[in-house]
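> Dropping a prediction and its sequence here:
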Amino acid sequence: MVNIIETDNISKKFGNFIAVDSVNLEVERNSIYGVLGPNGAGKTTLISMLCTILRPTLGAATVNGYDIMKQAKEVRGSIGIVFQSRALDDILTGREHLEMHASLYGVPKDIRSTRIEEILDLIDLGDKADEFTKTYSGGMKRKLEIGRGLVHYPKVLFLDEPTLGLDPQTRERIWEYIENLNKTEDITILLTTHYMDEADKLCDKISIFDKGSIVITDSPKNLKRELKADTITLTVDNFEKFQDLSAELDFVKEMYVMDDEIKLMVDRGENLITKIVNFAEQNGIEVKSVELDHPNLEDVFIKYTGSSMEGEN
């Protein structure tokens with residue numbers, strides 16, 4: 001498939017601080033691509049460069065075939081943007097927001113009204129279109145922001161932490177909406193997120209982003225399959241003693257300690273829980289809790305970064 005976004009060692013420095021460090025992305029047309037990483041990893045800076053808001057310090061990139069530095073106007077005409085900070089005017093209605101955006105982006109007058117009705121139907125806000133946005137719920141505001149980013153028929157939609165601060169039920173509705181957009185609007189979606197379940201649910205491919213760099217890129221399914229291990233999570237009354245004795249557990253592939261928990265990477269964990277608990281008790285260590293999980297993106301993130309999403313070593 002043809003790539004609609006490509007970057008070539010794109011980098012951004014602020015003084016001596018490297019926010020984005022030699023990043024290479026290849027985003028296929030009509031895909032949902034995720035950049036997964038903790039807050040402060042450089043995700044928003046990366047998107048800001050691709051949207052021509054920030055100029056790269058080094059490297060290059062194209063969006064929809066346009067060079068982000070030499071053809072910035074064409075890039076901006078090809079994209080929609082929804083940043084994590086809200087940017088709605090409470091004294092405007094939903095329809096007025098869409099009309100203003102359509103006008104700013106030069107949507108022809110003869111099709112503007114039709115397009116706005118299409119968007120209102122797409123985001124399921126037709127019955128609220130003429131109400132002030134200050135009356136909207138958080139989920140409605142987010143849907144309006146996404147719809148506003150679509151009104152001018154962009155080829156790429158950038159979503160920066162699209163469900164940040166939303167409750168679980170609203171997050172799932174937004175996920176369904178994003179998937180529907182990708183299928184019905186002939187649009188490529190690049191989203192940043194620090195929610196593992198969001199990346200797993202939505203993305204055809206993800207890049208794990210840490211400290212300004214990409215550490216691994218693949219589909220969520222392939223990344224989880226690569227681990228080939230279950231995770232047994234323990235809390236015990238003596239972490240140091242358990243760590244000192246853990247070498248005797250020769251079936252443990254890897255071990256991490258974080259957030260007052262011990263995570264053991266093993267094969268067929270359901271067959272090993274009893275053995276681990278007995279081992280601890282035989283050595284005078286009390287097991288306070290034990291939990292078995294099959295591979296997920298949190299485990300993948302820990303494997304490739306050495307820390308949890310919260311950044312704890």
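Cool, the structure landed.

> got the buried residues for stretch 79-99?
79-84, 88, 93-99 (16 or more other C-beta atoms under 10 Å). Yep, even glycine has a C-beta here, placed from its N, CA and C like the rest.

> next one: stretch 145-161
By neighbour count on 16+ other C-beta under 10 Å, the buried set for stretch 145-161 is 145-152, 154-161.

> go on, stretch 55-66?
For stretch 55-66, by 16+ other C-beta under 10 Å, it's 56, 59, 61-64, 66.

> and what of stretch 9-16?
Residues of stretch 9-16 classed as buried by neighbour count (16+ other C-beta under 10 Å): 10-12.

> Please flag which of the residues you listed sit within strands.
10-12 (DSSP state E).

> Can you tell me which of these is nearest Arg225?
The shortest approach to Arg225 among those belongs to Ile10, at 29.2 Å (C-beta to C-beta).

> which residues are contacting stretch 84-97?
Contacts with stretch 84-97, where a contact means C-beta atoms under 8 Å, 6 or more residues apart in numbering, come from 44, 100, 116, 120, 125, 128-134, 136, 141, 144-145, 148, 160-162, 164.

> Quick check on those residues: which are buried?
44, 116, 120, 125, 128-129, 133, 136, 141, 144-145, 148, 160-162, 164.

> Inside helices: which ones of these?
44, 116, 120, 141, 144-145, 148 (DSSP state H).

> Among those, which one lies nearest to Ser213?
Closest to Ser213, out of all of those and judged by C-beta to C-beta, is Thr44, at 15.2 Å.

> sorry, back to before: out of the buried ones among the contacts of stretch 84-97, give me the two with the largest separation.
Of all pairs drawn from those, the greatest distance, 30.0 Å, lies between Thr44 and Ala129 (C-beta to C-beta).

> for the longest helix seen in the chain, packing partners?
If you go by DSSP H, the chain has its longest helix at helix 168-184. Secondary-structure packing of helix 168-184 (3 or more C-beta pairs under 8 Å, 6 or more residues apart in numbering; DSSP states H and E): strand 32-36, helix 109-122, helix 138-150, strand 188-193, helix 196-202.

> Check the ones you listed for me and report the most buried one.
Neighbour counts (mean count of other C-beta atoms under 10 Å) averaged over each of the helices and strands packed on helix 168-184 peak at strand 32-36, with a mean of 26.

> chain center to that strand, what's the gap?
5 Å (C-alpha atoms, centre = their mean, to the nearest Å).
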